[in-house]
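K.L.:
structural data only, the sequence is not supplied:
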């Protein structure tokens, strides 16, 4: 007669019920199955979670998984892992219950008990994680929405930056800055100020426009206006407008350093512009401007009305007044490649510049004669030599910067040209060797 085991002294069903007691009262859906995965017990929550199943006692657990909608691949993995590894964790099982999608995790493990062999089997539980997954999904949606909002903001910022960059090309830097910094918001939009007015144009530009090809004409006028604009900005001038080839610039608004300093800056600008035109004429002749460009410039100083003028549909920040008209008349009367100034401007800058009296002239629209002077250059040799030189003529090489807007890029280009020359020269020397 074989010796009795501990399990023989106890009622098998009572032991199974007792071992399953904690699971019976759990808030999860628990099951207990034999080694062969035949279900022995489930708790009330199991039936509550999956009412479609009905009585699952003695059912094959993989069949239950199939009935609640688990894919065949996951069922095969469950059987394999519970057999080979002894444990299974399926973190996400989506089940539709009463037209509502719910999410569960399934945890299962093999149980071993040497004293009670009938407790050797598989225990597991379904954990309802619907609320957690909904929160996680909501959080993910919020994150995605935040990312989308951020992308939209970044895109709008790029669009605004692009718009501002394009807009900056249509406005003088000072005007652009005052608009975007709201310096004039709520303030009077018009003012009467003592300004120095500059106006220039190209001699016989109409003839040039009629003879040059459109592409070459555009290259010439764009280079001319770009270089003049660069000098104007460097000297602190406010570029009012381009009228074809004509350029209107004023000093003293929106910022001023005093009428004398404004007039001196304007004079410096005009002299530099004239010098730059001379430097670029060799380049323009290559583009078909046979005799090069010749310019005339006029400068006058006086009280003007400055501010926004126009309609509700379009505004123009500009200057109005007799000094503007006088600058235009002086520019028209000026000889080729000369700068004419009025007496008021001459008096303001006379201690710093050389000028020559031309004549008393009565410009069109003016009642009395006005003394006219030709501006030469600054008296100080140190001042004249301090100007940056964009053309260099050596004994063997001549260098001229066509575009002065990016000197660093031009210097890098010169370095590449130097490297190319050095490379070509070495090749020539190698070929000449016997």
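P.N.:
Right, received. Where do you want to start? Just so you know, these numbers come straight off a predicted model, no measurement behind them.
K.L.:
so which residues of the stretch 201-350 of the chain form strands?
P.N.:
Using DSSP state E, counting those that start in this stretch, the strands found in the stretch 201-350 of the chain span residues 238-243, 246-251, 295-310, 315-320, 338-342.
K.L.:
partner strands of the last one, with direction?
P.N.:
The strands that strand 338-342 pairs with in its sheet are strand 295-310 (parallel), strand 370-378 (antiparallel) (by DSSP bridges).
K.L.:
just the mean pLDDT for the longest helix seen in the chain, thanks.
P.N.:
Assignment by DSSP state H gives helix 130-168 as the longest helix of the chain. Taken as a whole, helix 130-168 carries a mean pLDDT of 86.
K.L.:
for it, packing partners?
P.N.:
Counting contacts by 3 or more Cβ pairs under 8 Å, 6 or more residues apart in numbering; DSSP states H and E, helix 130-168 is packed against strand 100-111, helix 173-180. To be clear about C-beta, it is placed using only N, CA and C from the backbone, and glycine gets the same treatment.
K.L.:
if you average pLDDT over each of the ones you listed, which is lowest?
P.N.:
Mean pLDDT across these is lowest at helix 173-180; the value there is a mean of 66.
K.L.:
chain neighbours aside, what residue packs nearest to residue 354?
P.N.:
Distances taken as Cβ to Cβ, 6 or more residues apart in numbering put residue 376 closest to residue 354, at 4.2 Å, once the chain neighbours are dropped.
K.L.:
who's in contact with the one you found?
P.N.:
If you count contacts by Cβ atoms under 8 Å, 6 or more residues apart in numbering, residue 376 has them with 353, 354, 355, 356.
K.L.:
surely the second one is in contact with residue 377?
P.N.:
Yes. A contact is recorded between residue 354 and residue 377 when judged using Cβ atoms under 8 Å, the distance being 6.0 Å.
K.L.:
of these two, who's got more company?
P.N.:
Counted by other Cβ atoms under 10 Å, residue 354 and residue 377 do not tie: residue 377 has more neighbours, with 17 against 11.
K.L.:
show the pLDDT at the more buried one.
P.N.:
You'll see residue 377 listed with a pLDDT of 92.
K.L.:
ok, it touching residue 271?
P.N.:
Yes. The pair residue 377 and residue 271 passes the contact test of Cβ under 8 Å, sitting 5.8 Å apart.
K.L.:
tell me, what residue is most central in this structure?
P.N.:
Centre of the chain computed as the mean C-alpha position; nearest residue by Cα atoms, centre = their mean is residue 158, 4.2 Å away.
K.L.:
distance-wise, check it relative to residue 151.
P.N.:
In this view, residue 158 and residue 151 are 10 Å apart by Cβ to Cβ, to the nearest Å.
K.L.:
for residue 411, same thing?
P.N.:
Distance of residue 411 to residue 151, given as Cβ to Cβ: 39 Å.
K.L.:
now swap in residue 313 and tell me
P.N.:
The span separating residue 313 from residue 151 equals 34 Å under the rule Cβ to Cβ.
K.L.:
ranges for the helices of the stretch 1-150 of the chain?
P.N.:
Counting by DSSP state H, counting those that start in this stretch, residue ranges of the helices within the stretch 1-150 of the chain are 12-19, 21-24, 44-49, 61-67, 72-84, 130-168.
K.L.:
indicate which one of the ones you listed is closest to residue 293.
P.N.:
Ranking the helices of the stretch 1-150 of the chain by distance to residue 293, with Cβ to Cβ as the measure, places helix 130-168 first at 26.5 Å.
K.L.:
what comes up buried for the closest one?
P.N.:
By neighbour count, and taking 16 or more other Cβ atoms under 10 Å as the criterion, the buried residues in helix 130-168 are residue 133.
K.L.:
that helix versus strand 100-111: what angle between them?
P.N.:
Relative orientation of helix 130-168 versus strand 100-111 (axes from the mean of the first three to the mean of the last three Cα atoms, to 10 degrees): 120 degrees.
K.L.:
run a quick neighbour tally on residue 44.
P.N.:
The local packing count at residue 44 equals 12, with neighbours defined by other Cβ under 10 Å.
K.L.:
got it, and residue 193?
P.N.:
Residues lying near residue 193 (other Cβ under 10 Å) number 19.
K.L.:
that one and residue 251: what is the separation?
P.N.:
For residue 193, the distance to residue 251 under the criterion Cβ to Cβ works out to 10 Å.
K.L.:
closest to residue 236 among the contacts of residue 376?
P.N.:
Of all the contacts of residue 376, the one with the least separation from residue 236 (Cβ to Cβ) is residue 353, at 17.0 Å.
K.L.:
how many neighbours does the closest one have?
P.N.:
23.
K.L.:
that one against residue 265, yeah?
P.N.:
No. With contacts defined as Cβ under 8 Å, residue 353 does not count as touching residue 265, sitting 11.9 Å away.
K.L.:
residue contacts, residue 202?
P.N.:
Going by Cβ under 8 Å, 6+ apart, residue 202 touches 208, 224, 245, 293, 294, 295.
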